[in-house]
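Got a predicted structure plus its sequence, pasted below:
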Amino acid sequence: MAAPTPSNLVDLQQLQLDDARALLGRELTLTLPPPEESSTAYLQSVIDGLCELSLKDPLTGLSNRRHFRSVLDRSIDVVARSGEPALLLMLDIDHFKKVNDTYGHQAGDQVLQAVAQCLAKCVRPVDTVARYGGEEFAVILPNCLTAFGETVAERIRQTIQDMPIQISPGVSIHVTVSVGGAYAPEWVRSTAALWTERADVQLYRAKSEGRNRVFLDQQQEIYVSAEEKNLLFGHLALGDPAWIESVSGEVPSAPAHGSMHRVN
């Protein structure tokens, strides 16, 4: 008896794929391979398309919060192993509620899309730009030297400030963003929550001190000997946390975790 071949391992007629096909046809410009040639290749394309959709923000096309958290976790591992600096920027559109109230939610969506496209053009292909939620965005910049972090953040702020956004024929508006950023501590295994919180504290400062400005957390200088690096890698290889970052009291003027109230 002949062994089953890949083309007859899956019977597509037994699967309910109509909703998945409709979703992919509506949200992605994806051409599925002919199912009669290989059911496995066809099913794999459907799965790949659904995975891609699950990682994207439907309005802006940027990475969504799920993908952002995944990239952030991977970046923490890379920094802990290699010591390469990685910068996290959190951005919030200033007075976005006023845009919605004045021009309507459709105009608000156009502003979000324009800012998203601008952000994607301001950074490198290796960087990850995500819509964090509402009018808030996040950018992860791996291997970003500390000498360039503020320059990159300021370039983003300035570019968005100068960009006219057409919301209807003959009507264009300008918006600004506040930017907060923090570097992942080198040679230390931080957590996504702590890293995001440090960047968020700086974003809160930018909002509180007038908006349309950039504040970055200072990179923490940590000396690690060769022996300590070996210990660090050994712990990581076993899957255990090595040194866990603590941010208690690092920013005395910042509000306590859980009590932060973002101003629009």
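Nice, I can see it. Just so it is clear, the model here is predicted, and its values are computed rather than measured. Numbering: from 1, shown residues only.

Where does the prediction get shaky in the stretch 101-250 of the chain?
219-250 (pLDDT under 70).

quick one, strands of it?
For the stretch 101-250 of the chain, strands defined by DSSP state E, counting those that start in this stretch occupy the ranges 128-133, 136-141, 165-168, 171-173, 177-183, 214-216.

Turn those into a markdown table, columns for distance to Val46.
(C-beta placed from N, C-alpha, C; glycine too.) Listed next are these as a markdown table, based on distance: least, Cβ to Cβ, whole Å:
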| stretch | distance to Val46 |
| --- | --- |
| strand 128-133 | 25 |
| strand 136-141 | 29 |
| strand 165-168 | 36 |
| strand 171-173 | 41 |
| strand 177-183 | 37 |
| strand 214-216 | 43 |
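
any idea which of these is most buried?
Most buried of those, by mean neighbour count (mean count of other Cβ atoms under 10 Å): strand 177-183, with a mean of 27.

which SS state does His29 fall under?
Not His; residue 29 is Thr. Following DSSP: H, G, I helix; E, B strand; the rest coil, Thr29 is assigned to coil.

how about it, phi and psi?
Here is the backbone geometry of Thr29 (degrees, to the nearest 10): phi -90, psi 70.

one step back: out of the strands of the stretch 101-250 of the chain, flag the one nearest Glu27.
In terms of Cβ to Cβ, the element of the strands of the stretch 101-250 of the chain nearest to Glu27 is strand 128-133, at 15.5 Å.

What is that closest one packed up against?
helix 65-82, helix 105-122, strand 136-141 (3 or more Cβ pairs under 8 Å, 6 or more residues apart in numbering; DSSP states H and E).

could those go into TSV alongside distance to Glu197?
Listed next are the helices and strands packed on strand 128-133 as TSV, based on distance: least, Cβ to Cβ, whole Å:
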stretch	distance to Glu197
helix 65-82	12
helix 105-122	21
strand 136-141	13
